[in-house]
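Participant: test case, fold it:
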Amino acid sequence: MSQGPRQWRSAGRTERGQARLRNEDAFLDCPQHGCWAVADGMGGHRHGDVASRWVVSSLASVSARGNLDQRIDAVRKSLQGVNQRLRSCRAGPDTSADATMGSTVVTLLLENGRAACLWAGDSRCYLWRGQRLYQLSRDHSLLQGLINEGQVSATQARGYPGARALTRAIGARSPLHLEVLELSTRPGDVFLLCSDGLYQTLSHADLGRALRLGAPQQALERLFAGALRGAARDDLTAVVVQP
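Facilitator: I've put the predicted structure just below:
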C-alpha cells in the first residue's frame, strides 16, 4: 500500500483476464502527487496495452505543483498530447477501426479537501460516503447515451447491438473531450477507480461491501477475491484511495 505526505492512503492492482492474451489495463498509484488513474486499452484494436501504458506514463509525469485548477489543466494537456500521439500512429495505409490505438482513462486528483475526477470512456470512479456508494463518472458509451436520452431503460439499452461501444476515448478523435467532476472530500470518504472488467463482474452491492472496509489494501483484496471467483474473462484493474 502507498502513502503520500498528506496521509493519503491508496493501493492498486491489475490482473489479466482469462480470455486475454495480454493485459491491456494499466494504473497509476501516486499518492505523493495526489494523483491516481486507471486506463483500459481499447479491446479489439491493436496495441491497446501500449496505449494504456502511454496514458499512465504521461499522467505520472504531470507536476504536482500548483493548485487543483492548475493541475486539472496540466492533466488535460497531458492527455491531449497522448491523444495526438496515438492518432498519429494511425497515419498509414490501414485506417480501419481496428487500426486505432486507444484507451479509456479515469483520473482522480486530490488537494486538501478538494477532489477532481477526469475521464473519457467507460472506466469508472466511485465514491463510498456515509454508508452509500455513488458512481461519480458516467460512461461515454452508446449504452449510456441511450439511457441519457430517456428513450429506453438500462435493461432495454443493453439489448441494442453494439451498446457497449465507446463514444469517447484517448486516441479516438481530435480534439479530445474529457469530462470533469469536482467535489469536496469528507472524512471517511473512499474512492474507487476501476476498469469495466471489474465493475461488470461485481454488483453495486459487492463494490460497496468492499469499500466500506475503509483500508485501501483490504478493500482491494476483497474486490479481487470476489471478481476472481467468477469467470473474469476481461482484464481487472482497480485503485482504492482514502483521502
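Participant: grab the longest helix from this protein for me.
Facilitator: When the chain is parsed with DSSP state H, its longest helix is helix 68-88.
Participant: show residues contacting it.
Facilitator: Residues from elsewhere that reach helix 68-88, judged by CB atoms under 8 Å, 6 or more residues apart in numbering: 34-35, 51, 54-55, 58-59, 61-64, 66, 100-103, 105, 107, 109, 111, 114, 116, 118, 120, 170-171, 174-176, 178, 180, 182. The C-beta positions use only the backbone N, C-alpha and C, and glycine is treated the same way.
Participant: and the buried ones among those, selectable in PyMOL?
Facilitator: To isolate in PyMOL the members of the contacts of helix 68-88 that are buried, counting by 16 or more other CB atoms under 10 Å, one can use:
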select buried, resi 34+35+51+54+55+58+59+62+100+101+102+103+105+107+109+111+114+116+118+120+170+171+176+178
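Participant: now, the contacts of helix 68-88 that are in helices?
Facilitator: Secondary-structure check on the contacts of helix 68-88 using DSSP H: residues within helices are 51, 54-55, 58-59.
Participant: for this protein, give me the ranges with low pLDDT.
Facilitator: Counting by pLDDT under 70, the chain shows low-confidence ranges at 1-6, 43-46, 90-100, 150-163.
Participant: break down it into its strands, ranges please.
Facilitator: Assignment of strands within the chain using DSSP state E yields the ranges 2-3, 9-15, 25-30, 35-41, 103-111, 114-120, 124-129, 132-135, 179-184, 190-194, 236-242.
Participant: most tightly packed of these?
Facilitator: Each of those was assessed for mean neighbour count using mean count of other CB atoms under 10 Å. The highest is strand 35-41, with a mean of 30.
Participant: quick one: strands adjacent to that strand?
Facilitator: In its sheet, strand 35-41 lies beside strand 25-30 (antiparallel), strand 103-111 (antiparallel), with partners assigned from DSSP bridges.
Participant: show me the contacts for the residue lying closest to Ser103 once chain neighbours are set aside.
Facilitator: Leaving aside its sequence neighbours, Ser103 sits nearest to Ala51 (CB to CB, 6 or more residues apart in numbering; 4.0 Å). Remark: with contacts taken as CB under 8 Å, 6+ apart, Ala51 is in contact with 24, 39, 41-42, 86, 101-103, 170-171.
Participant: what about Ala51, distance to Gln218?
Facilitator: With the distance defined as CB to CB, to the nearest Å, Ala51 ends up 31 Å from Gln218.
Participant: ok now do the closest residue to Ala231 other than its chain neighbours, which residues does it touch?
Facilitator: On the basis of CB to CB, 6+ apart, the spatially nearest residue to Ala231 that is not a chain neighbour turns out to be Gln18, at 6.4 Å. Applying CB under 8 Å, 6+ apart to Gln18 gives the contacts 231-233.
Participant: the same query, at a cut-off of 10 Å, please.
Facilitator: Applying CB atoms under 10 Å, 6 or more residues apart in numbering, one finds that Gln18 lies in contact with 228, 230-235.
Participant: can you select the buried ones from those residues in ChimeraX?
Facilitator: Of the contacts of Gln18, the buried ones go into a single ChimeraX selection, burial set by 16+ other CB under 10 Å:
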select :232,234,235
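Participant: need the contacts of Gln18 in a markdown table (columns: distance to Ser195).
Facilitator: Formatted as a markdown table, the entries for the contacts of Gln18 read as follows, by distance: CB to CB, whole Å:
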| residue | distance to Ser195 |
| --- | --- |
| Leu228 | 14 |
| Gly230 | 15 |
| Ala231 | 16 |
| Ala232 | 12 |
| Arg233 | 13 |
| Asp234 | 8 |
| Asp235 | 6 |
